[in-house]
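**Q** Dropping a prediction and its sequence here:
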Amino acid sequence: MNRDVSVGDRVKLIDMPEWLVHDLPAVEQAEMRACIDQVFVVREIDPHGYLWVGFGGTSDHADAARYSGHSFGIPRGCVQPAQEE
C-alpha cells in the first residue's frame, strides 16, 4: 500500500496471509478467506502496525440478539484504499 492508513479509513482486503488462518477450523478459514475483496473500516492500528478490521452480523433469537463475527489484524500490504462508490 503506497499511502498512510488511519483509523476510520475504508480499505479493501486484497490478500490474507496463511499464518493468520492456518490454525483455525476449516469453517472459520473459509469465513476469513471470504473477506478477500470486501471493504472494511480500519478500527485500530496496533503498535506493530497491523490494521484491525472486523466483520459480523446480528441475528434475533427470541428475546435477545446474538452477534457473531471476527476481528483480526492484517498487514498493510494486504489492503488497498477502497474506491468510493
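**A** Received, thanks. Numbers count the residues shown, from 1 in each chain.
**Q** what residue ranges in the chain score low on pLDDT?
**A** For the chain, residues meeting the criterion pLDDT under 70 lie at 1-3, 57, 84-85.
**Q** Which strands border whichever strand or helix holds Thr58, and is each parallel or antiparallel?
**A** Using DSSP states H and E, Thr58 sits in strand 51-61. Sheet pairing of strand 51-61 (DSSP bridges) gives strand 44-45 (antiparallel), strand 64-74 (antiparallel).
**Q** Tell me the buried residues in it?
**A** 51, 53, 55 (16 or more other CB atoms under 10 Å). Any C-beta I mention is one placed from the backbone N, CA and C, and that applies to glycine too.
**Q** who's the last one bridged to?
**A** With DSSP bridges applied, Phe55 shows beta-bridge pairing to His70.
**Q** show me what contacts it?
**A** Residues in contact with Phe55 (CB atoms under 8 Å, 6 or more residues apart in numbering) are 35, 38, 40, 69-70.
**Q** Just among those, which is most surrounded?
**A** The residue in those with the most neighbours, by other CB atoms under 10 Å, is Phe40 (20 neighbours).
**Q** what sits against that residue?
**A** By CB under 8 Å, 6+ apart, the residues touching Phe40 are 10-13, 53-55, 79.
**Q** What secondary structure category should be reported for it?
**A** With DSSP: H, G, I helix; E, B strand; the rest coil as the basis, Phe40 sits in strand.
**Q** cool, Glu31 as well?
**A** Per three-state DSSP, Glu31 ends up helix.
**Q** Disregarding residues adjacent in the polypeptide, which is nearest to it?
**A** If the residues on either side of it in the chain are set aside, Glu31 comes closest to His70, at 6.7 Å by CB to CB, 6 or more residues apart in numbering.
**Q** Quick one: residues contacting His22.
**A** When contacts are counted by CB under 8 Å, 6+ apart, His22 is found next to Gln29.
**Q** quick one on the thing from earlier: so which pair among the contacts of Phe40 is furthest apart in space?
**A** Using CB to CB, the two most remote members of the contacts of Phe40 are Lys12 and Gly54, lying 14.9 Å apart.
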